[in-house]
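[1] Here's a sequence, model it:
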Amino acid sequence: MKLVVVSAGLSVPSSTRLLADRLAAAVGRQAEAEVELEVVELRDLAVEIAHNFTNGFAGRKLAAAQEAVAGADGLIAVTPVFTASYSGLFKSFFDVLDKEALAGKPVLIAATGGTARHSLVLEHALRPMFAYLRAVVVPTGVYAASEDWGAEGLEGRVERAAGELAGLMRGLSAARPAEPESLPVVPFAEQLARLAAS
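    Here you go, the predicted structure:
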């Protein structure tokens, strides 16, 4: 299974990336199959995203990120909260994705912020955006305020959300149609001979 993490953190190190890494590790622990992980750091794609808006073409790195997201079995999307919503960079990346890229794809939404007062960003901004993109958003979103790091509760939410994503990834991977097997061709005369013998 391929898991792609989209992190919109701007600083290094970033609490957004730290949360993304914790979520990815938890999915890896709970998946029943080997998980191939790819991290997309939007900070490194900011210029190419802006150019894509102005010229309509994705640069090499942006195109690779778009392809990774489209080809993923599951997605973890994590943004810092700016002005009570997702960051502009985060939204811009999803604006330049193909409109079918997330259709039916399991997505775990998460956000970081300075205060717990912004925790509803998951429900009033991220969940509606991903619903519009026709993604399958797991029921548990994870918000981490500054005071949550090292506090009781965050790890439980991380594990619960990761379990939900891993379950959806397993289910949707199992539901994919298998490659058709080549059926043996039995000549018509032979079929008639078998029918006559019985």
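
[2] From here on, just use CA atoms for contacts and neighbour counts.
    Noted.

[3] quick one: average confidence on the longest helix along the chain?
    Counting residues, the longest helix found in the chain (DSSP state H) is helix 154-175. Helix 154-175 carries an average pLDDT of 86.

[4] who does it touch, helix- and strand-wise?
    Applying 3 or more CA pairs under 8 Å, 6 or more residues apart in numbering; DSSP states H and E, one finds that helix 154-175 contacts helix 15-30, strand 106-113, strand 142-145.

[5] Let me know which of the ones you listed is tucked in deepest.
    Counting by mean count of other CA atoms under 10 Å, strand 106-113 has the highest mean neighbour count of these, with a mean of 27.

[6] who does that one pair up with?
    Using DSSP bridges, the strands paired with strand 106-113 in its sheet are strand 74-82 (parallel), strand 136-137 (parallel), strand 142-145 (parallel).

[7] circling back: list the contacts of the longest helix of the chain.
    1, 22-24, 26-28, 30-32, 73-74, 106-108, 138-142, 144, 148 (CA atoms under 8 Å, 6 or more residues apart in numbering).

[8] Other residues contacting stretch 35-53?
    For stretch 35-53, contacts defined as CA under 8 Å, 6+ apart pick out 1-10, 24, 28, 57-59, 61-62, 65, 68, 89-90, 92-93, 96.

[9] Run a quick neighbour tally on residue 157.
    17 (other CA atoms under 10 Å).

[10] Please spell out the segments of this protein that come in under the pLDDT threshold.
    By pLDDT under 70, the weakly predicted segments of the chain are 172-183.

[11] Could you rerun that using 90?
    11-13, 32-33, 83-84, 115-117, 150-153, 170-198 (pLDDT under 90).

[12] Spatially central residue for this protein, please.
    Centroid check for the chain by CA atoms, centre = their mean gives residue 75 as the closest residue, at 1.0 Å.

[13] That one and residue 59: what is the separation?
    Note on residue 75: its distance to residue 59, by CA to CA, to the nearest Å, is 22 Å.
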